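Chemist: this one's structure only:
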(Lines give C-alpha, C1' and ligand atoms only; values in the text may rest on other atoms or scores of the structure.)
Protein backbone atom coordinates (compact mmCIF):
# COMPACT_ATOMS: atom_id res chain seq x y z
CA UNK A 1 0.00 0.00 0.00
CA UNK A 2 1.35 3.43 -0.92
CA UNK A 3 0.43 5.33 2.19
CA UNK A 4 1.48 8.72 0.76
CA UNK A 5 -0.70 8.39 -2.34
CA UNK A 6 -3.62 7.26 -0.20
CA UNK A 7 -3.21 10.26 2.11
CA UNK A 8 -3.17 12.60 -0.92
CA UNK A 9 -6.39 11.00 -2.17
CA UNK A 10 -8.01 11.59 1.25
CA UNK A 11 -6.86 15.21 1.31
CA UNK A 12 -8.41 15.72 -2.12
CA UNK A 13 -11.74 14.39 -0.84
CA UNK A 14 -11.49 16.51 2.29
CA UNK A 15 -10.76 19.79 0.48
CA UNK A 16 -13.05 19.36 -2.53
CA UNK A 17 -15.02 22.57 -3.09
CA UNK A 18 -13.61 24.42 -0.08
CA UNK A 19 -11.54 26.95 -2.04
CA UNK A 20 -8.12 25.77 -0.84
CA UNK A 21 -7.22 24.83 -4.40
CA UNK A 22 -6.97 28.52 -5.33
CA UNK A 23 -4.22 29.41 -2.83
CA UNK A 24 -0.48 29.22 -3.39
CA UNK A 25 1.64 26.75 -1.44
CA UNK A 26 5.24 27.87 -1.10
CA UNK A 27 7.95 25.25 -0.63
CA UNK A 28 11.28 26.48 0.73
CA UNK A 29 14.30 25.29 2.70
CA UNK A 30 15.19 26.49 6.20
CA UNK A 31 18.88 25.72 6.87
CA UNK A 32 18.75 27.34 10.30
CA UNK A 33 16.17 24.97 11.77
CA UNK A 34 17.20 22.24 14.21
CA UNK A 35 15.30 19.17 13.07
CA UNK A 36 13.64 16.36 15.01
CA UNK A 37 16.07 13.92 16.62
CA UNK A 38 14.39 11.01 14.81
CA UNK A 39 15.32 12.45 11.42
CA UNK A 40 18.32 13.46 9.32
CA UNK A 41 18.46 15.87 6.41
CA UNK A 42 17.46 19.40 5.50
CA UNK A 43 14.33 21.08 6.77
CA UNK A 44 11.95 21.80 3.90
CA UNK A 45 9.03 24.04 4.80
CA UNK A 46 5.61 24.36 3.20
CA UNK A 47 3.60 27.55 3.79
CA UNK A 48 -0.10 28.07 3.11
CA UNK A 49 -2.68 30.47 4.50
CA UNK A 50 -0.43 31.78 7.25
CA UNK A 51 0.62 28.29 8.41
CA UNK A 52 4.00 26.63 8.03
CA UNK A 53 4.89 22.96 8.35
CA UNK A 54 8.10 21.04 7.78
CA UNK A 55 9.40 17.85 6.23
CA UNK A 56 12.98 16.71 6.82
CA UNK A 57 14.64 15.18 3.78
CA UNK A 58 17.83 14.72 1.79
CA UNK A 59 15.96 15.91 -1.33
CA UNK A 60 14.43 19.29 -0.47
CA UNK A 61 12.91 21.42 -3.17
CA UNK A 62 11.89 25.03 -3.66
CA UNK A 63 8.72 25.83 -5.59
CA UNK A 64 5.37 27.57 -5.58
CA UNK A 65 2.44 25.32 -6.37
CA UNK A 66 -1.25 24.68 -5.74
CA UNK A 67 -3.27 21.71 -4.57
CA UNK A 68 -4.55 20.65 -8.02
CA UNK A 69 -0.95 19.96 -9.10
CA UNK A 70 -0.54 17.62 -6.11
CA UNK A 71 -3.75 15.78 -6.90
CA UNK A 72 -2.67 15.17 -10.51
CA UNK A 73 0.91 14.12 -9.67
CA UNK A 74 1.98 10.48 -10.04
CA UNK A 75 4.34 10.76 -7.02
CA UNK A 76 6.74 8.26 -8.57
CA UNK A 77 9.85 10.38 -7.92
CA UNK A 78 11.28 10.89 -4.45
CA UNK A 79 11.37 14.67 -4.81
CA UNK A 80 7.64 14.68 -5.62
CA UNK A 81 6.85 12.44 -2.63
CA UNK A 82 8.81 14.81 -0.39
CA UNK A 83 6.84 17.79 -1.67
CA UNK A 84 3.58 15.88 -1.27
CA UNK A 85 4.29 15.11 2.39
CA UNK A 86 5.25 18.71 3.13
CA UNK A 87 1.99 19.85 1.54
CA UNK A 88 0.01 17.25 3.50
CA UNK A 89 1.59 18.57 6.69
CA UNK A 90 0.76 22.22 6.06
CA UNK A 91 -2.76 21.53 4.78
CA UNK A 92 -3.74 19.35 7.75
CA UNK A 93 -2.35 22.10 9.97
CA UNK A 94 -4.29 24.77 8.07
CA UNK A 95 -7.47 22.70 8.39
CA UNK A 96 -6.81 22.39 12.16
CA UNK A 97 -6.85 18.59 12.12
CA UNK A 98 -3.14 18.13 12.85
CA UNK A 99 -1.26 19.66 15.77
CA UNK A 100 2.48 19.07 15.30
CA UNK A 101 3.71 21.02 12.28
CA UNK A 102 7.20 21.99 13.44
CA UNK A 103 10.03 20.35 15.38
CA UNK A 104 10.37 20.91 19.10
CA UNK A 105 13.27 22.78 20.66
CA UNK A 106 16.49 20.76 21.15
CA UNK A 107 16.01 21.06 24.93
CA UNK A 108 12.97 18.80 24.58
CA UNK A 109 14.82 15.94 22.83
CA UNK A 110 15.86 14.09 25.99
CA UNK A 111 12.37 14.22 27.50
CA UNK A 112 10.75 13.15 24.23
CA UNK A 113 13.09 10.18 23.93
CA UNK A 114 12.64 9.20 27.59
CA UNK A 115 8.86 9.35 27.27
CA UNK A 116 8.94 7.15 24.18
CA UNK A 117 11.28 4.64 25.83
CA UNK A 118 8.81 4.41 28.69
CA UNK A 119 5.89 4.03 26.27
CA UNK A 120 7.39 1.12 24.32
CA UNK A 121 8.46 -0.64 27.52
CA UNK A 122 10.11 -4.01 26.98
CA UNK A 123 9.25 -4.26 23.30
CA UNK A 124 12.02 -4.45 20.70
CA UNK A 125 12.24 -1.21 18.72
CA UNK A 126 13.26 -1.01 15.06
CA UNK A 127 13.00 1.69 12.47
CA UNK A 128 12.97 2.87 8.88
CA UNK A 129 15.62 5.54 8.28
CA UNK A 130 15.89 6.39 11.98
CA UNK A 131 19.38 7.67 12.96
CA UNK A 132 21.34 4.75 14.49
CA UNK A 133 22.52 6.77 17.48
CA UNK A 134 18.89 7.48 18.45
CA UNK A 135 17.68 3.93 17.86
CA UNK A 136 20.61 2.64 19.89
CA UNK A 137 19.36 4.44 23.00
CA UNK A 138 16.35 2.15 23.29
CA UNK A 139 17.14 -0.68 25.74
CA UNK A 140 15.90 -3.32 23.29
CA UNK A 141 16.39 -2.47 19.63
CA UNK A 142 17.23 -4.03 16.28
CA UNK A 143 19.22 -2.63 13.38
CA UNK A 144 17.16 -4.63 10.86
CA UNK A 145 15.23 -2.06 8.75
CA UNK A 146 11.53 -2.42 9.52
CA UNK A 147 12.26 -5.00 12.22
CA UNK A 148 11.17 -5.03 15.84
CA UNK A 149 7.90 -5.16 17.69
CA UNK A 150 7.58 -1.39 17.31
CA UNK A 151 8.78 0.17 14.04
CA UNK A 152 9.58 3.87 14.21
CA UNK A 153 9.07 5.61 10.87
CA UNK A 154 10.16 9.18 10.22
CA UNK A 155 9.80 11.27 7.09
CA UNK A 156 12.50 9.63 4.96
CA UNK A 157 11.16 6.22 5.98
CA UNK A 158 7.63 7.25 5.05
CA UNK A 159 8.58 8.06 1.45
CA UNK A 160 10.85 5.03 1.03
CA UNK A 161 9.98 1.94 -1.07
CA UNK A 162 10.20 -0.16 2.11
CA UNK A 163 7.25 1.75 3.56
CA UNK A 164 4.92 0.39 0.87
CA UNK A 165 5.77 -3.16 1.94
CA UNK A 166 5.49 -2.28 5.62
CA UNK A 167 2.10 -0.57 5.42
CA UNK A 168 0.73 -3.13 2.98
CA UNK A 169 1.70 -6.16 5.06
CA UNK A 170 0.85 -7.79 8.36
CA UNK A 171 3.43 -5.61 10.16
CA UNK A 172 1.41 -2.41 9.59
CA UNK A 173 0.02 -2.57 13.12
CA UNK A 174 3.52 -2.29 14.60
CA UNK A 175 4.27 1.09 12.98
CA UNK A 176 4.64 4.27 15.00
CA UNK A 177 5.09 7.43 12.92
CA UNK A 178 7.44 9.89 14.61
CA UNK A 179 8.18 13.59 14.27
CA UNK A 180 6.40 16.47 12.53
CA UNK A 181 7.36 15.20 9.05
CA UNK A 182 4.83 12.38 9.35
CA UNK A 183 2.01 14.34 11.00
CA UNK A 184 -0.09 14.93 7.87
CA UNK A 185 -0.08 11.30 6.77
CA UNK A 186 -0.70 10.13 10.35
CA UNK A 187 -3.72 12.41 10.64
CA UNK A 188 -5.29 11.52 7.29
CA UNK A 189 -4.62 7.79 7.69
CA UNK A 190 -5.54 7.72 11.40
CA UNK A 191 -2.19 6.14 12.31
CA UNK A 192 -0.36 6.23 15.66
CA UNK A 193 1.89 9.28 15.82
CA UNK A 194 4.57 10.37 18.31
CA UNK A 195 5.48 14.06 18.52
CA UNK A 196 4.49 15.23 22.00
CA UNK A 197 6.66 18.35 22.01
CA UNK A 198 6.20 19.39 18.39
CA UNK A 199 4.96 22.90 17.75
CA UNK A 200 1.62 23.77 16.20
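Modeler: Nice, I can see it. Computed from a prediction, not measured in an experiment: that's the story for all the values here.

Chemist: Distance-wise, check residue 47 relative to residue 186.
Modeler: 20 Å (C-beta to C-beta, to the nearest Å). Quick note: C-beta positions are derived from backbone N, CA and C, even for glycine.

Chemist: other SSEs contacting the helix-or-strand element of the chain with minimal mean pLDDT?
Modeler: Every helix and strand of the chain was ranked by mean pLDDT, DSSP states H and E. The lowest is helix 161-168, at a mean of 86. If you count contacts as 3 or more C-beta pairs under 8 Å, 6 or more residues apart in numbering; DSSP states H and E, helix 161-168 packs onto helix 3-15, strand 125-128, strand 150-153.

Chemist: which parts of it are buried?
Modeler: For helix 161-168, the neighbour count (16 or more other C-beta atoms under 10 Å) marks 163, 166, 167 as buried.

Chemist: okay, the angle between it and helix 3-15?
Modeler: Using axes from the mean of the first three to the mean of the last three C-alpha atoms, to 10 degrees, the inter-axis angle of helix 161-168 relative to helix 3-15 is 70 degrees.

Chemist: what are the ranges of the helices in the chain?
Modeler: 3-15, 67-72, 78-94, 109-120, 132-135, 155-158, 161-168, 183-189 (DSSP state H).

Chemist: ok, of the ones you listed, where does mean pLDDT dip lowest?
Modeler: Here those differ in mean pLDDT, and the lowest is helix 161-168 at a mean of 86.

Chemist: now that helix and helix 78-94, what's the angle there?
Modeler: Going by the same axes, to 10 degrees, helix 161-168 makes 50 degrees with helix 78-94.

Chemist: okay if I get the helices of the chain as CSV plus distance to residue 143?
Modeler: Listed next are the helices of the chain as CSV, based on distance: least, C-beta to C-beta, whole Å:
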stretch, distance to residue 143
helix 3-15, 23
helix 67-72, 35
helix 78-94, 23
helix 109-120, 16
helix 132-135, 7
helix 155-158, 14
helix 161-168, 14
helix 183-189, 24
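
Chemist: Which among these is found nearest to residue 21?
Modeler: Residue 21 lies closest to helix 67-72 among the helices of the chain, at 4.5 Å (C-beta to C-beta).

Chemist: which strands and helices sit next to that closest one?
Modeler: Against helix 67-72 (3+ C-beta pairs under 8 Å, 6+ apart) you get helix 3-15, helix 78-94.
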